[in-house]
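> Here you go, sequence then predicted model.
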Protein chains: 2
Amino acid sequence: VIKIAIVGFGTVGESVARILTNDPREQLSLSMIFNRNVQRKKVDWISSDVVWTEDFEVVLESDVDVIVELVGGMHPAADWLEAGLAAGKAVVTANKQVIAEHGSELITRSVDVGRPLLFEAAVAGGIPIVRGLNAGLAGDSIIHILGLLNGTCNYILTRMAVAKIAFETALKEAQQKGFAEADPTADVDGGDAGAKLSILTAIGLGCPVSVGDIPMDSIRPVEYVDFSYADRLGSTIRQVARAKVVEDKKDAVCASVGPMLVPQDSELARTQGSENIVVVTGNRGGRTAFSGHGAGGDPTAVAVVSDLMEIAMVGQVRTAWPTERAQGNVQVDYDAKHYLRFVVVDAPGILAKIAAVLSRYEINVDSILQEPGWSKSELPFVVTLEHCNTSSVRAALSEINGLGFHAKKPLWLPILDRGES
Amino acid sequence: VIKIAIVGFGTVGESVARILTNDPREQLSLSMIFNRNVQRKKVDWISSDVVWTEDFEVVLESDVDVIVELVGGMHPAADWLEAGLAAGKAVVTANKQVIAEHGSELITRSVDVGRPLLFEAAVAGGIPIVRGLNAGLAGDSIIHILGLLNGTCNYILTRMAVAKIAFETALKEAQQKGFAEADPTADVDGGDAGAKLSILTAIGLGCPVSVGDIPMDSIRPVEYVDFSYADRLGSTIRQVARAKVVEDKKDAVCASVGPMLVPQDSELARTQGSENIVVVTGNRGGRTAFSGHGAGGDPTAVAVVSDLMEIAMVGQVRTAWPTERAQGNVQVDYDAKHYLRFVVVDAPGILAKIAAVLSRYEINVDSILQEPGWSKSELPFVVTLEHCNTSSVRAALSEINGLGFHAKKPLWLPILDRGES
């Protein structure tokens, strides 16, 4: 039997306690709960044997075997994980931020002290993707990871498409339903998905990268009209997190997070609402997909309790985290088809000017779409580009941005290839 | 470093050897290959250090740490697994038949001798579903498992739908392309999926059941016309393997394998060609889906090598197999909507006669579909039924079968509920 301390008694902590109380397992025993101002947290359905404390030192000095860190955020969580390992405790955490930024040190520490540090709940909630990469696909060489890792973005984007509403409206709805926080920055601007992607890149592609090096684009500039044009292109829009090995380079990956056009018949497009999906491609096993509930108290608690069961039954340190590898480089440029949406004050010759810039960068136009019925003073139209490098698009767009006819800043979305999705 | 003997050097064995040779891992060393008439199997890309043998005793008496059993079939594989464990070897197998029939004894034996027995490759090839249930969702209480576990059936059924061809034509095509064996019985009649389902039932629902107790229906009677009618019902047809806990009964599950109507927008319908999918529903974490390549040398070899990595890195016996539980009962009856397809020699009053029988069993008709353009002497039409128990349908159909107007035996397919798929 292992003795467990839950550190942070919020939504997930409460769900973990409920599982340990209502579906008891002979190997697991809840013995302590830590929270600031713990008095107001006390609930009557927890066994009276459980010690409540608001002093983390009490947890460290106790005889608990495992600390379940659910306070979130970087400080003091990172120090507490370190202190827990130093005190000889195993550690289970749902903290993507700490693992993404300090995974290599913490896991090195875990191996040194011989106590496990598990973090299934840090990526994609209830979907066992960390274990899938650590163990289930250990026999393969993974070359590509593609995911919808942020349920808030997926909820907002699917609502915009279905209800034909603006980003702000969908965001408010998500906030009212509890799918988005009051400050949605980390979700909609990509930080949350970026942290998760950097964890998957480390354990899946064997290349740890800094979250800050992953280019991230916000979903905020996406408008309903983009879904309308995407639909004409047989696509929809998703916040895609992806990472790919760079051929012949062990110390680099190509990675990004941001809105992309994805084919309507792809698994990504079919992932609706707040669900998550991770599609992993291996050299040998081909594509394997994992999907389910990426957030929420209960699914995340399932991941935590699964980690606890592993510690109880195996008790050993095992990790696919490449602790021996230095931080890798993130390659920002890649080849893709592209979607450019302009909103202009209509006048003759606009398309010719755009085409002239694109042609100077040797970028081929694939299609031009302009739906009828829009105001001439704020006319949206779309240009899609054949395969070309993002660096050319960036340079061309920066020139086009300088032209005087824009009513809004152009929106640029890479298009995910059918074969890739 | 663990020393490995590959026992059975067919497609999967060769793929395992290729991974160990081309993507070497410091923990794994191929040291022996067993096959009958081993001489004809020798290949030059295998290191000259590797011992080739056609005597299983040589494997048992050697210093190999792990036996990878890939000979398939019940005999002598079951005895060899047992002998391997008795000789103190760890065992990795892709043998669904042996694990489905003898899992409880073999895993008890494995625990007794303290050597692991792993079988990720026995279910759904490269998809890490065994590990997903054993470890990844260990924190949940799984209540429902739904899967497309046979790639041959999925290939045949998707080809029938897309190419508008008969079962026999699609089967021949599958055989020519290597997706079906010369004797397709185990695939199309359900035995293969049934064995896999019984393994998932043991480790996922905690209830070991005998494969022979799982009711199986063949996909052979499905005709192209059924896809045409299914389409009108917003559905398609898949060979579905499913198991569900029976409320308040720890020693029983409801399970079946056979063709069913599934909604076109479900994950099952969208699983095309030879792919596999497993959808697991937990009390806490909700639905989690795992999909990918369920067969083939390389994906299956990835599962085998992942098991080898686990043995190398963890080395311990850990299993969710409920060795302490006696064989459970399989409940055959369940509630569902149903699809009945009749092919009749047309005459007045046929529908009235069918309706009279159904009404006597208190079964409500949901819809009647009859497409124009068919011969009156072999007229297909479809009756769908509202939710009712399979036992009532069975009884009613047996009466209807006795009526004189049939040109072919009626086809009965349960309809998977939208919420369930």
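All right, it came through fine.
> so where's the stretch 301-421 of chain A uncertain?
Within the stretch 301-421 of chain A, the segments meeting pLDDT under 70 span A:421.
> now do chain A
Judged by pLDDT under 70, the stretches of chain A that qualify are A:421.
> Give me the three-state assignment for the nearest residue to residue A:376 once chain neighbours are set aside.
Nearest in space to residue A:376, with sequence neighbours left out and distances taken as C-beta to C-beta, 6 or more residues apart in numbering or on different chains, is residue A:346 at 4.2 Å. Placement of C-beta: from N, CA and C, glycine included. Applying DSSP: H, G, I helix; E, B strand; the rest coil to residue A:346 yields a three-state assignment of coil.
> Could you measure from residue A:346 over to residue B:278?
Remark: distance between residue A:346 and residue B:278 (C-beta to C-beta, to the nearest Å) = 53 Å.
> And those two? Which one has more around it.
Per other C-beta atoms under 10 Å in any protein chain shown, whichever of residue A:346 and residue B:278 has more neighbours is residue B:278, with 27 against 15.
> Bridged to that one, which residues?
Beta bridges link residue B:278 to residue B:147, residue B:290, judged by DSSP bridges.
> dump the residue contacts of it.
Taking C-beta atoms under 8 Å, 6 or more residues apart in numbering or on different chains as the criterion, residue B:278 is in contact with B:124, B:127, B:129, B:132, B:145-147, B:149, B:200, B:289-291.
> What of residue A:164?
Residues touching residue A:164, when contacts are defined by C-beta under 8 Å, 6+ apart, comprise A:224, A:227.
> same check, this time on residue A:323
A:104, A:107-108, A:111 are the contacts of residue A:323 under C-beta under 8 Å, 6+ apart.
> Look up phi and psi at the residue of chain A most remote from its centre.
Most distant from the centre of chain A: residue A:348, at 43.1 Å, with distances by C-alpha atoms, centre = their mean. In this entry, residue A:348 is assigned phi and psi values of phi -70, psi 150 (degrees, to the nearest 10).
> mind checking how far it is from residue A:408?
Residue A:348 sits 20 Å away from residue A:408 when distances are taken as C-beta to C-beta.
> Repeat that for residue A:286.
Here the distance between residue A:286 and residue A:408 works out to 42 Å (C-beta to C-beta).
> For these two, work out which one has more neighbours and name it.
Legend: neighbour count by other C-beta under 10 Å for residue A:286 and residue A:408, higher for residue A:286 (18 against 13).
> quick one: contacts for the residue nearest to residue A:376?
If you count contacts by C-beta under 8 Å, 6+ apart, then residue A:346 has A:376-377, A:379 around it.
> which one of these has the most neighbours?
Each of the contacts of residue A:346 was scored by neighbours using other C-beta under 10 Å; the highest score is residue A:379's, at 18 neighbours.
> shouldn't that one be in contact with residue A:343?
Yes. Using C-beta atoms under 8 Å as the test, residue A:379 is close enough to residue A:343 to be in contact (6.7 Å).
> shared neighbours of those two, which are they?
Listed contacts common to residue A:379 and residue A:343 are residue A:407; contacts here mean C-beta under 8 Å, 6+ apart.
> Any chance you could list what contacts stretch A:171-179?
Contacts of stretch A:171-179 with the rest of the structure, by C-beta under 8 Å, 6+ apart, involve A:151-152, A:155-156, A:159, A:165, A:180-182, A:184, A:188, A:274.
> Tell me which other helices or strands the host helix or strand of residue A:12 touches.
Secondary structure assignment for residue A:12, by DSSP states H and E: helix A:11-22. Based on contacts counted as 3 or more C-beta pairs under 8 Å, 6 or more residues apart in numbering or on different chains; DSSP states H and E, the elements that helix A:11-22 packs against are strand A:2-7, strand A:28-34, helix A:297-313.
> tell me which of the contacts of residue A:346 is nearest to residue A:77?
Sorting these by how near they are to residue A:77, with C-beta to C-beta, puts residue A:379 at the top with 49.3 Å.
> Now the phi/psi pair for the closest one, please.
Comment: the main-chain dihedrals of residue A:379 come out as phi -100, psi 120, following degrees, to the nearest 10.
> Residue A:18 touches residue A:301, doesn't it?
Yes. With contacts defined as C-beta under 8 Å, residue A:18 counts as touching residue A:301 at a distance of 7.5 Å.
> So between those two, which is more surrounded?
Neighbours were counted for residue A:18 and for residue A:301 using other C-beta under 10 Å; residue A:301 has more, 30 against 17.
> was I right about the more buried one contacting residue A:15?
Yes. Residue A:301 is in contact with residue A:15 according to C-beta under 8 Å; the separation is 3.5 Å.
> on that earlier part again, what does the helix holding residue A:12 contact?
A:4, A:6-7, A:9, A:28-30, A:33, A:35, A:43, A:45-47, A:68, A:70, A:94, A:121, A:296-298, A:300-302, A:304-305, B:139, B:284.
> what is the orientation angle of it with helix A:297-313?
Comparing the axes of helix A:11-22 and helix A:297-313 via axes from the mean of the first three to the mean of the last three C-alpha atoms, to 10 degrees yields an angle of 60 degrees.
> quick check: angle from helix A:11-22 to strand A:2-7?
Using the same axes, to 10 degrees, helix A:11-22 lies at 150 degrees relative to strand A:2-7.
> List the buried residues for helix A:11-22?
Within helix A:11-22, the residues that count as buried by 16 or more other C-beta atoms under 10 Å in any protein chain shown are A:11-20.
> Alright, calling it a day.
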